[in-house]
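Trainee: Got a predicted model here, sequence first, then my questions.
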Amino acid sequence: MNRRSVLFAPALLLTGCATAQSRPDNAALVKRVTDTELAFAKTMADRDHAAFASFLADETVFLMGGKPQRGKAAVADYWKRFYTEPKAPFSWKPDHVQVLDSGGLAASTGPVFDPDGKLFARFYSTWRREDSGAWRIVFDDGCNFKCA
């Protein structure tokens, strides 16, 4: 074994250990995304449009019933209409979340309810984990109903 191999072998072993320890298990990832989706939905109940926009990735795409809104500014601007009245026009919550084992992307889906609690649609969202560790929404088809 040459001298370089002896010097680099411990570094390689430590790198492998650090990588294995730094990756959370899938159940922990699912919980993080579920909590993020619940916080995202809470922005509607709280009537907090600025908080809503904070969950959007810069390059987000909301399909909006077949009429895509592209980019954080466009989506945030379009969704202002849902935050103008004192009472939320709808609510949602996740009932199914899946996360890649790599922890980079996640999918969430769940029911959408009208103000009286009647189910009228389902949302489908894709989340991406940013370098900061925060989850941001990159795709959403949460408008399977007639958008005003």
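Mentor: All right, it came through fine. Every value quoted in this text rests on a predicted model; they were computed, and no experiment measured them.
Trainee: hey, which strand is longest across this structure?
Mentor: In the chain, taking DSSP state E as the definition, the longest strand is strand 119-129.
Trainee: What helices and strands are in contact with that strand?
Mentor: helix 26-46, strand 105-113, strand 135-140 (3 or more Cβ pairs under 8 Å, 6 or more residues apart in numbering; DSSP states H and E). Placement of C-beta: from N, CA and C, glycine included.
Trainee: Please state the offset of it from the chain centre?
Mentor: 9 Å (Cα atoms, centre = their mean, to the nearest Å).
Trainee: Could the C-alpha coordinates of it be exported in CSV?
Mentor: The C-alpha trace of strand 119-129 is given here as CSV (Å, rounded to 0.1, in the frame of the first residue of the first chain):
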residue,chain,number,x,y,z
LEU,A,119,-65.1,18.3,-0.3
PHE,A,120,-64.9,19.5,-3.9
ALA,A,121,-61.4,18.8,-5.2
ARG,A,122,-58.0,17.4,-4.6
PHE,A,123,-54.7,19.1,-4.8
TYR,A,124,-51.5,17.6,-6.2
SER,A,125,-48.2,19.3,-5.3
THR,A,126,-44.5,18.7,-5.8
TRP,A,127,-42.0,20.1,-3.3
ARG,A,128,-38.3,20.6,-3.7
ARG,A,129,-35.8,20.8,-0.8
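Trainee: In it, which residues are buried?
Mentor: Of the residues in strand 119-129, A121, R122, F123, S125, T126, W127, R128, R129 count as buried by neighbour count, 16 or more other Cβ atoms under 10 Å.
Trainee: Of the helices and strands packed on strand 119-129, give the one that comes closest to F82.
Mentor: Ranking these by proximity to F82 (Cβ to Cβ) places helix 26-46 first, at 7.0 Å.
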